[in-house]
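Student: Sharing a model that was predicted from the sequence below.
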Amino acid sequence: MEEIGEIAREVLYLEGYRDPSRREDAVDRLSEELGDALVFLTKIAGHYGINLDTVVQNVVAKAETRWPLEKAHHEMERYIQHQQASCAERAAAWDSRNRQS
């Protein structure tokens, strides 16, 4: 669980919550955390006799059916627009509070 949390933290940093000049460092950390998680997931699968090749094939087939690439692009665009609007609202509220002080 800890490894998944560390992956989530690095993705959040890469998606705008960290100084962009340190992006390469965050990508390096994300790469390391993904490797750690992959090793632990592989060990868990082995312990329970789960064939990861079969699991990945099934998940890829499900993902291609449920989330076609065109839909993913549309959803990402919608997410980015929502984030930009949310940031603009927070910035305006912050500016308003600073002017009142």
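Tutor: Cool, got the structure.
Student: Show me which residues of the lengthiest helix in the chain are buried.
Tutor: Across the chain, the longest stretch assigned as helix under DSSP state H is helix 69-100. Across helix 69-100, burial judged by 16 or more other CB atoms under 10 Å covers no residue at all. Quick note: C-beta positions are derived from backbone N, CA and C, even for glycine.
Student: which stretches of the chain have low pLDDT?
Tutor: Applying pLDDT under 70 to the chain flags the ranges 17-21, 101.
Student: Torsion angles phi and psi at Tyr48?
Tutor: phi -100, psi 10 (degrees, to the nearest 10).
Student: Distance of it relative to Glu70?
Tutor: Distance of Tyr48 to Glu70, computed by CB to CB, to the nearest Å: 36 Å.
Student: Gln81 too?
Tutor: From Gln81 to Glu70 the distance is 17 Å (CB to CB).
Student: got it, and Leu14?
Tutor: 24 Å.
Student: Report the next helix or strand after the strand or helix carrying Asp28 in sequence order.
Tutor: Assigned by DSSP states H and E, Asp28 falls within helix 23-47. Where DSSP H and E defines the elements, the next helix or strand beyond helix 23-47 is helix 52-66.
Student: Hey, what's the angle from that next one to helix 69-100? Just curious.
Tutor: 80 degrees (axes from the mean of the first three to the mean of the last three CA atoms, to 10 degrees).
Student: what's the angle from helix 52-66 to helix 23-47?
Tutor: 120 degrees.
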